[in-house]
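[1] Got a predicted model here, sequence first, then my questions.
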Amino acid sequence: MKTRLTQKSVRKGMTYLSVVIAAVLVGLTLATYLKLVASQNQMTMRSQAWNRNIAVVEAGIEEAMAHLNKNGVWDIRTGTYTGNLLVDGWSSTAGGGYTKTSWIGEDYYIVTIGAYTAGTNCPTVVAEGYVKQLPTFTMTRRLMQPFLADVTGNGSTYVKRTVVCATTNIPVFTKALVAKKTIDLNGNNMFTDSYDSSNPLYSSNSVYTTSKRRDHGDIATNNSITNSVDIGNANIWGSVATGPNAANPGHASLTIGSNGKVGDATWQTDGSKTGVQAGHDRDDMNIYIPNVKLPFTTGLAPSTPPSGFPYNGVTYDTVMGNGTYVSGNLEGRKILIRGETKLLVTGSFKMTGQDSIMIQSNASLTLYMDGASAEFGGNGVANASGKPMKFLYLGTTNNTALNFGGNAQFTAAVYAPSAALTGNGGGNNDLDFSGSAIINSATFNGHYSFHYDESLGRLGMFTGFTLTSWNEL
């Protein structure tokens, strides 16, 4: 018997096959789509963890820098850091550094301040950020996918990033003379140059000498108005910088006389050269000059021996040693400094006639001037060490006038950003002013010489630590 297939049965078979093929195609498409979604989720979670980690690392760097600037105190007298870095949760490391671990929610960082580098005393900061990796999803279950930056810690998988930063401590005294406003050099035979009190090649027993002079006697002002700096016929052994002057760039803020010179030693000693040497004037000066804050307001009264205090053939009527002193008006005195002395003057300060200050070679004077006016004349300041940082003059916002007169010699580092500095006369030698000065404005008349001590850039006051590099390992 023969069986015959009908056309209807063939159609049913083809329908079933089509449905199966369509179902397979839909399933494959759905599986592919779910795989793409899972991969996208995985990449998103990894990216979030990786990018979030940089904020954690930055938090560690910021804490280290804040800790350094608060507790890494530079002692201007000894040339070392004397602050206590083992506070605020920090502990010491085997290599002489300091470390701390801090948590930010489920994330954390370990930051380390390295040992202070010899020569620069600027430590390296290393921050390790650990961010908890969020779970990713597959088609069948929720799980952690392997990540090359994974580290295991605290019972979970964390993503780690490490950044190494170098630091520097920006010095305050980097030029011979810095003014917030104008500088006017009206005198005759007025000049600036430099020396190095810590280097016998560029000084004699720490004192400036013409035969060893250098050409870093730079002057600068933040001001950008026309004629901010009037060189006149002075010789600036170094460079001049003025504030930004976008409307009138170039020499608009600088005026120089027919015999004035600004440039290096070669330019200065070449009789055929005048004016400004190429590359020795700039108009991009823009620095922050904060005000002085008084660290104390009470202290001892300066000692006045009944019969005076003889020293090296001079009888002194005022003697100060190790300690903190406070005085109102301080005038008509012969002052002897015999130790590490901090002196606050709340009234006027005036030296005339035979008045003088003698700072013994193993002593120092930090003078906080909170009165309106200070005048240094008479026999000036005898800084026996020859080092300007042994006499640090700090003028507050109340100190609006600072005068140098007569034949007074002055070896000091001056920071008085509210004071108008006036130099009159000048001495009969070339030791009028040695050190550095940051003031509000400056005017010089007559013969006057200004010598910048380059060691102040290494051993003077500092504005605080800042980063110089950022390298991820």
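    Alright, I've got the coordinates.
[2] correct me, but residue 107 touches residue 132?
    Yes: counting by C-beta atoms under 8 Å, residue 107 sits close enough to residue 132 to count as a contact (6.0 Å). From N, CA and C alone the C-beta is placed, and that goes for glycine too.
[3] list residues touching both of those two?
    Residues touching both residue 107 and residue 132 by C-beta atoms under 8 Å, 6 or more residues apart in numbering: residue 158.
[4] mind listing the helices in the stretch 251-400 of the chain by residue range?
    In order along the chain, the stretch 251-400 of the chain carries the following helices (DSSP state H, counting those that start in this stretch): 265-269.
[5] Quick check, central residue of the chain?
    For the chain, the residue whose C-alpha lies nearest the mean C-alpha position (C-alpha atoms, centre = their mean) is residue 170; its distance is 2.8 Å.
[6] Apart from its chain neighbours, what residue comes closest to it?
    In space, and not counting its chain neighbours, residue 170 is closest to residue 463: 4.6 Å by C-beta to C-beta, 6 or more residues apart in numbering.
[7] measure the one you found to residue 415 for me?
    As for residue 463, its distance to residue 415 is 11 Å (criterion: C-beta to C-beta, to the nearest Å).
[8] Can you pick out the residue with more neighbours from the two?
    A direct count of neighbours by other C-beta atoms under 10 Å for residue 463 and residue 415 places residue 415 higher, at 23 against 14.
[9] so how far is stretch 398-407 from its chain's centroid?
    From the chain centre to the centre of stretch 398-407 is a distance of 27 Å (C-alpha atoms, centre = their mean, to the nearest Å).
[10] Averaged pLDDT, it. What do you get?
    For stretch 398-407, the mean per-residue pLDDT is 87.
[11] Now do the buried residues in it.
    If you call a residue buried by 16 or more other C-beta atoms under 10 Å, then stretch 398-407 has these buried ones: 399, 400, 401, 402, 403, 404, 405, 406.
[12] for whichever strand or helix holds the fifth one, packing partners?
    Residue 403 is located in strand 401-404, with elements delineated by DSSP states H and E. When contacts are defined as 3 or more C-beta pairs under 8 Å, 6 or more residues apart in numbering; DSSP states H and E, strand 401-404 packs onto strand 373-376, strand 410-423.
[13] got a markdown table for those, with distance to residue 163 and mean pLDDT too?
    Shown next, in a markdown table, are the helices and strands packed on strand 401-404 (distance: least, C-beta to C-beta, whole Å; pLDDT from 0 to 100):
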| stretch | distance to residue 163 | mean pLDDT |
| --- | --- | --- |
| strand 373-376 | 47 | 92 |
| strand 410-423 | 35 | 92 |
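[14] wait, which of these is closest to residue 97?
    For the helices and strands packed on strand 401-404, proximity to residue 97 was assessed by C-beta to C-beta; strand 410-423 is nearest, at 30.8 Å.
[15] Neighbouring strands of the closest one in the sheet, and parallel or not?
    Strands adjacent to strand 410-423 in the sheet, as given by DSSP bridges, are strand 391-395 (parallel), strand 401-404 (parallel), strand 433-444 (parallel).
[16] Just confirm the residue nearest to residue 170 is within a helix.
    No: the secondary structure assignment for residue 463 gives strand rather than a helix, going by DSSP: H, G, I helix; E, B strand; the rest coil.
[17] buried stuff in stretch 326-346?
    Of the residues in stretch 326-346, 326-327, 330, 333-338, 340-346 count as buried by neighbour count, 16+ other C-beta under 10 Å.
[18] With respect to residue 455, which of those is nearest?
    Sorting these by how near they are to residue 455, with C-beta to C-beta, puts residue 340 at the top with 19.2 Å.
[19] May I have the beta-bridge partners of the closest one?
    With beta bridges defined as DSSP bridges, residue 340 has these partners: residue 364.
[20] and it, what pLDDT?
    In this prediction, residue 340 carries a pLDDT score of 93.
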